[in-house]
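**Student:** Fold the following for me, if possible:
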Amino acid sequence: MGRLFGTDGVRGIANYELTAELAYNLGRAGAYVLSASTKHTPRILVGMDTRISGQMLESALVAGICSVGAQCICLGVLPTPAIAYLTRLYKADAGVVISASHNPYEFNGIKFFNGDGYKLPDEIEERIEAIILDGSEELPRPTGKQVGARITKDDAIDDYISFLKGSISCDLKGLKIAVDCSNGAAYKVAPKVLSDLGADITVINNEPDGININSNCGSTHMEGLKKFVIESGSDLGIAFDGDADRMLAVDEMGNLVDGDQIMTILGLELKNKGKLKDNTIVVTVMSNMGMDIAAKREGLNLVKTKVGDRYVLEEMLAKGYSLGGEQSGHIILLDSNTTGDGLLTAVKLLEVVKTSDKKLSELASVMQVLPQVLVNAKVSNENKYRYMEDEEISKMCKELEDEFNGEGRVLIRPSGTEPLVRVMIEGKDQAYIAKRASELANLIEQRLTKVG
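**Tutor:** Below you'll find the predicted structure:
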């Protein structure tokens, strides 16, 4: 059985890989599995981003949900984290988001939240897959009044805005903020919540047409916002991705403030307030070494996981940590929401800017971002996990680590989906580490291209 679910739901090119038929089957199987133990008519929330394929997939998904007797509550265009929050607020049995996050418009995806607002564990996803691909369970086909109904709820955005406004203790009057909505799910809610909090905002990329989501805009393309912050004389800028579970910032001089820096700023604020358990932030192995240096100096502890927000969340839940995330701006504030929430991260960061009376550049300077170089080595799939078994590769890695002497590092990571080994080197000299990363990648290709 091939897997339908990737690291963040089911994704693919809409109407080719992610078809209406698959959406219908996901609706049926997902609704059944996530509500099988309920004694009432199951209630499932559905939201989406602004992609042209969203309505097609929503229609099929809703049909599947209703076909097993569940009630479907359609909330329209809303950020992914809004669905996670509202699933809990409305005491729904599950939530579903139709979005491919930061990917181009031709892609789409379907991801589920359970009744507690968390993404599904592997065993639940595997059960849904087995139903769809193997027919492992017989699903009900209720008739008459037992068939599920579709209803719409147009004011859900107001409940999410109320949650965001209530998550900080001050207004944002006096701050001039540039906002890049990525022509995505934040295009209504981001300007509204920031305006309600009193900020002076100027907004770009908030006119979605179904095909311009993430197109040279948002948190994956920060060049436009950097320029716009300077041109508009803003105090700072914030950018979201297509489904607004990520957020990155730009300081008043047009410099990027990435997820590592944002987590450091928020972590220090929580530490100073005595609200950061064990003074610990959960990050991935891809976080910049500059964060390690800043954390050591400022009395913060870093716990590192494999790459992927699901691994960050697992560690946070297991140990009760409240702050974690990734360099990409996918940041989890577990005391407030159950998944990465770009808007929540934004208002929390803006709260620190406002209450500290410091410019974002000054706050971000607590962490010096060391240059990073990433080079892909093309190898055979059979060999991509064998890099440390090779004596020459292992020897070169050790020589580089010794050479950097704590002021740089080497990280090798096989791709989960492609015949590649990713070589990442950090250090103080960009040109030098680029040269060394290419040398290491070339060695890996030479040693691991052959089959066997």
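**Student:** switch to C-alpha atoms for all contacts and neighbour counts from now on
**Tutor:** OK.
**Student:** And the residue nearest the centre of the chain, how close does it get to S356?
**Tutor:** Geometric centre of the chain, nearest residue: H330, 4.1 Å, by C-alpha atoms, centre = their mean. Spatial separation of H330 from S356 under the definition C-alpha to C-alpha, to the nearest Å is 24 Å.
**Student:** Tell me how many other residues crowd D245.
**Tutor:** Applying other C-alpha atoms under 10 Å, we find 26 residues neighbouring D245.
**Student:** Could I get the contacting residues of it?
**Tutor:** By C-alpha atoms under 8 Å, 6 or more residues apart in numbering, the contact set of D245 is 79-81, 101, 330-331, 339-343.
**Student:** just to revisit the earlier point, could you pull up phi and psi at the residue nearest to the centre of the chain?
**Tutor:** Here the main-chain torsion angles of H330 (degrees, to the nearest 10) amount to phi -80, psi 100.
**Student:** list the contacts for the closest residue to it other than its chain neighbours?
**Tutor:** Nearest-residue entry for H330: R246, 4.4 Å, with adjacent residues in sequence omitted and distances by C-alpha to C-alpha, 6 or more residues apart in numbering. When the contact criterion is C-alpha under 8 Å, 6+ apart, the partners of R246 are 219, 240, 328-331, 340-342.
**Student:** Just the ones in helices from those, please.
**Tutor:** Secondary structure defined by DSSP state H assigns G342 of the contacts of R246 to helices.
**Student:** Is it possible to get JSON lines of the contacts of R246 that adds distance to T87?
**Tutor:** Shown next, in JSON lines, are these (distance: C-alpha to C-alpha, whole Å):
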{"residue": "S219", "distance to T87": "26"}
{"residue": "F240", "distance to T87": "22"}
{"residue": "S328", "distance to T87": "25"}
{"residue": "G329", "distance to T87": "23"}
{"residue": "H330", "distance to T87": "20"}
{"residue": "I331", "distance to T87": "20"}
{"residue": "G340", "distance to T87": "15"}
{"residue": "D341", "distance to T87": "14"}
{"residue": "G342", "distance to T87": "18"}
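**Student:** Next one, pLDDT for A294 please.
**Tutor:** pLDDT recorded at A294 is 96.
**Student:** The strand or helix carrying it: how far from the chain's middle?
**Tutor:** With the criterion set as DSSP states H and E, the secondary-structure element containing A294 is helix 289-298. Helix 289-298 has its average C-alpha position 23 Å from the chain's average C-alpha position, going by C-alpha atoms, centre = their mean, to the nearest Å.
**Student:** Report the buried residues of it.
**Tutor:** Using 16 or more other C-alpha atoms under 10 Å as the test for burial, helix 289-298 gives 289-295.
**Student:** Dump the residues you listed to a markdown table, plus distance to R141.
**Tutor:** Output for those, formatted as a markdown table (distance: C-alpha to C-alpha, whole Å):
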| residue | distance to R141 |
| --- | --- |
| M289 | 55 |
| G290 | 56 |
| M291 | 54 |
| D292 | 55 |
| I293 | 58 |
| A294 | 58 |
| A295 | 56 |
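**Student:** Can you tell me which of those residues is nearest K153?
**Tutor:** For these, the closest approach to K153 (C-alpha to C-alpha) belongs to M291, at 42.5 Å.
**Student:** you'd agree the closest one is up against V369?
**Tutor:** Yes - counting by C-alpha atoms under 8 Å, V369 is a contact partner of M291 at 7.4 Å.
**Student:** Check for me that G174 belongs to a strand.
**Tutor:** No - secondary structure assignment places G174 outside any strand; it is coil (DSSP: H, G, I helix; E, B strand; the rest coil).
**Student:** right, and it touches L197 too?
**Tutor:** No - look at G174 against L197 with C-alpha under 8 Å: they stay out of range, at 10.4 Å.
**Student:** okay, those two: which has more neighbours?
**Tutor:** The neighbour count for G174 versus L197, taken as other C-alpha under 10 Å, is higher for L197 (17 against 11).
**Student:** and that one, what is it in contact with?
**Tutor:** Contacts of L197 were listed using C-alpha under 8 Å, 6+ apart, and they are 165, 171-173.
**Student:** Distance check, it against C397.
**Tutor:** Applying C-alpha to C-alpha, one obtains 50 Å for the distance of L197 from C397.
**Student:** Q372 now?
**Tutor:** Relative to C397, and taking C-alpha to C-alpha, Q372 is found at 16 Å.
**Student:** out of those two, which sits in the more crowded spot?
**Tutor:** Remark: of Q372 and C397, Q372 carries more neighbours, 21 against 18, as counted by other C-alpha under 10 Å.
**Student:** since we're on the closest residue in space to V203 that isn't next to it in sequence, how many residues are nearby?
**Tutor:** Distance criterion C-alpha to C-alpha, 6+ apart; nearest residue to V203, sequence neighbours excluded, is V179 at 4.7 Å. The number of residues packed near V179 is 27, by other C-alpha under 10 Å.
**Student:** looking at this, V179 is in a strand?
**Tutor:** Yes - counting by three-state DSSP, one finds V179 located in a strand.
**Student:** which stretches of the stretch 251-400 of the chain have low pLDDT?
**Tutor:** Low-confidence regions of the stretch 251-400 of the chain, defined here as pLDDT under 70, do not occur.
**Student:** Roughly how far does the residue located most distally from the centre of the chain sit from A60?
**Tutor:** Farthest-out residue of the chain from its mean C-alpha position, per C-alpha atoms, centre = their mean: G144, at 40.9 Å. When C-alpha to C-alpha is applied, the distance between G144 and A60 equals 20 Å.
**Student:** again with I238
**Tutor:** As judged by C-alpha to C-alpha, I238 and A60 stand 34 Å apart.
**Student:** more neighbours, those two?
**Tutor:** I238 (30 against 20).
**Student:** Does the more buried one fall in a helix, a strand, or a coil region?
**Tutor:** strand.
**Student:** just checking, it touches S182?
**Tutor:** No - I238 sits out of contact with S182 when judged by C-alpha under 8 Å, with a separation of 10.6 Å.
**Student:** count of residues packed around the residue nearest to G218 when sequence neighbours are not counted?
**Tutor:** Closest residue in space to G218, ignoring its immediate chain neighbours: S182 at 4.1 Å, by C-alpha to C-alpha, 6+ apart. Taking other C-alpha under 10 Å as the criterion, the count of residues near S182 is 30.
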